[in-house]
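S.K.: pasting the sequence and the predicted model now:
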Amino acid sequence: MWERIFDSMIQRLIVDGRLEITYPDGTRRGFGPGGEMSAALHITDQATLRGLCLYPELTLGEGYMDGRIEIGGNAELEALLKLLIRNRKPDAFPAWVRAVDRMRFHLRAIVQRNTAVSAKSNVSHHYDISDELYRLFLDDDMQYSCAYFPRPDLSLEEAQDAKKAHIAAKLMIEPDCHVLDIGCGWGGMALTLARDHGARVTGVTLSENQLATARARAEAEGLADRVTFELRDYRDVAETFDRIVSVGMLEHVGVPHYDEYFGKVSDLLAPDGVALIHTIGRSAPPMAHSPWIHKYIFPGGYVPSLSELAPAVEASGLWQCDIEVWRLHYALTIRHWRDRFDARLDAVRRMYDDRFVRMWRYYLTACIMAFDEQHQAVYHLQLAHRRDAVPITRDYLHPTGKAAHIQAAE
């Protein structure tokens, strides 16, 4: 029964390219008219076949993690995900799959209700697993967010430096101005703003691992008198700041809290201050978050569409001084991460089992495909109370900064 249902679903789904499937009994079937795209997978048991009919997206990720769906290496996994994404049409799936997807979308305001307790738990799930893992594939500064590639051939370190320089320029950092870093990670942005731009920075995080590492880095660099890191929810901050920066944190806020988030940014920002919010976003209507990503990678996380953020920004009373869209930069970034992860698999396997390795590889590859093949990008929201808080053109950005030097070297 499940094989017939699965065959019918795949026949409706694959209208471009070719998908070869090996079933649990060894039978092989091909779907699709052929063309430039082709991929193959092997389903090893009936339970997985049933799961693909009932919960296809979740089961595909879990099956790959567990070795119950055999796909191959990175190139084969990437080819499969690209084929599925380009052919993805809701009406190709059975009615029950569409119903569950609609339910998940409409329940996101409940599922993503991130209280102070659940927010810390969600952050710990991902960021407190091991700093050593992240050191294996991130750049030297441990920037776990989209880098900026004025040229695609930049190294990861150069592109992350360019990202930080671009953000600092947008913040118009002045010596001794007080900066709040919401979701400060391992401290790289805060330390850069203090060391290279003379700012005083308060960084807040909910990750105990990140807090310990950030504090140790500040001490080691002699910046502990200029940078303070705290284990604190941004909602509990009460001071006023000259500048506010938040990189890769808004994705953890959740749909029910956007008014609260931007309202808090408005409350904490000085009358002549500038805020820069760097976030992943969808350049398309909202959709349900990936159930696999939600379960295994980022519980409570969500990639918002700009249409979901705009009402909250407008309600905050802040001026939208600039909104910049970074296309494809994150795909380039994550390819660097995946290459480094694979190059250090021996070290990863000393810490984790093969199931974790496959989970992480699936996560990185799925994210590459999200930015390469779907309506996913990175937004820079530059906000202020005053419309003239920043220049009215972008000419002030990087006149002699790192990004300008990188571009000039081209």
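M.R.: On my side now, so go ahead.

S.K.: what residues are up against residue 326?
M.R.: Counting by C-beta atoms under 8 Å, 6 or more residues apart in numbering, residue 326 touches 146, 148, 377, 378, 379, 380. Where C-beta positions appear, they are placed from N, C-alpha and C, glycine not excepted.

S.K.: mind redoing it with 10 Å?
M.R.: 146-149, 163, 166, 278, 280-281, 333, 371, 377-380 (C-beta atoms under 10 Å, 6 or more residues apart in numbering).

S.K.: bridged to it, which residues?
M.R.: Assessed by DSSP bridges, residue 326 has beta-bridge partners residue 378.

S.K.: relative to residue 184, how far out is it?
M.R.: The gap separating residue 326 from residue 184 is 21 Å, by C-beta to C-beta, to the nearest Å.

S.K.: doesn't residue 390 belong to a helix?
M.R.: No - counting by DSSP: H, G, I helix; E, B strand; the rest coil, one finds residue 390 to be coil, located in no helix.

S.K.: how many residues are close by it?
M.R.: Look at residue 390: counted by other C-beta atoms under 10 Å, it has 20 neighbours.

S.K.: my guess is it contacts residue 320. True?
M.R.: No - contact criterion C-beta atoms under 10 Å: residue 390 and residue 320 do not qualify, at 11.2 Å.

S.K.: overlap in contacts of those two?
M.R.: Joint contacts of residue 390 and residue 320 (C-beta under 10 Å, 6+ apart) are 382, 383, 384.

S.K.: and the strands in the stretch 51-200 of the chain?
M.R.: For the stretch 51-200 of the chain, the strands defined by DSSP state E, counting those that start in this stretch occupy 69-70, 178-182, 200-205.

S.K.: out of the ones you listed, flag the one nearest residue 267.
M.R.: The closest of those to residue 267 is strand 178-182. By C-beta to C-beta, the value is 11.3 Å.

S.K.: now do that closest one against strand 200-205, angle only.
M.R.: 10 degrees (axes from the mean of the first three to the mean of the last three C-alpha atoms, to 10 degrees).

S.K.: direction included, what does strand 178-182 pair up with?
M.R.: With DSSP bridges as the test, strand 178-182 is paired with strand 200-205 (parallel), strand 241-247 (parallel).

S.K.: avg pLDDT for it?
M.R.: Here strand 178-182 scores 98 as its mean pLDDT.

S.K.: quick one: terminal-to-terminal distance for stretch 64-84?
M.R.: Taking C-alpha to C-alpha, to the nearest Å, the first and last residues of stretch 64-84 lie 15 Å apart.

S.K.: ditto for stretch 99-113
M.R.: Taking C-alpha to C-alpha, the first and last residues of stretch 99-113 lie 22 Å apart.

S.K.: equivalent analysis for stretch 109-128, please.
M.R.: One end of stretch 109-128 to the other measures 26 Å (C-alpha to C-alpha).

S.K.: tell me the buried residues in that stretch?
M.R.: 111, 112, 114, 119, 120, 122, 123, 126, 127, 128 (16 or more other C-beta atoms under 10 Å).

S.K.: now go through those residues and say which are in helices.
M.R.: Mapping the buried residues of stretch 109-128 onto helices (DSSP state H) picks out 111, 119, 120, 122, 123, 126, 127.

S.K.: re earlier: can you tell me which of the buried residues of stretch 109-128 is closest to residue 99?
M.R.: For the buried residues of stretch 109-128, the nearest to residue 99 is residue 111 (16.4 Å; C-beta to C-beta).

S.K.: my guess is the closest one meets residue 300, correct?
M.R.: Yes - if you go by C-beta under 10 Å, residue 111 and residue 300 touch, sitting 7.8 Å apart.

S.K.: overlap in contacts of those two?
M.R.: Each of 254, 289, 294 lies in contact with both residue 111 and residue 300 under the rule C-beta under 10 Å, 6+ apart.

S.K.: can you flag which of those belong to helices?
M.R.: Those of the shared contacts of residue 111 and residue 300 lying in helices (DSSP H): residue 294.

S.K.: to be precise, which single item in the shared contacts of residue 111 and residue 300 has the lowest pLDDT?
M.R.: At the low end of pLDDT for the shared contacts of residue 111 and residue 300 is residue 289, which has 86.

S.K.: count of neighbours near it?
M.R.: Neighbours of residue 289 (other C-beta under 10 Å): 22.

S.K.: check contacts around it.
M.R.: Applying C-beta under 10 Å, 6+ apart to residue 289 gives the contacts 104-105, 108, 111-112, 251, 254-255, 298, 300-304.

S.K.: many thanks, we can stop here.
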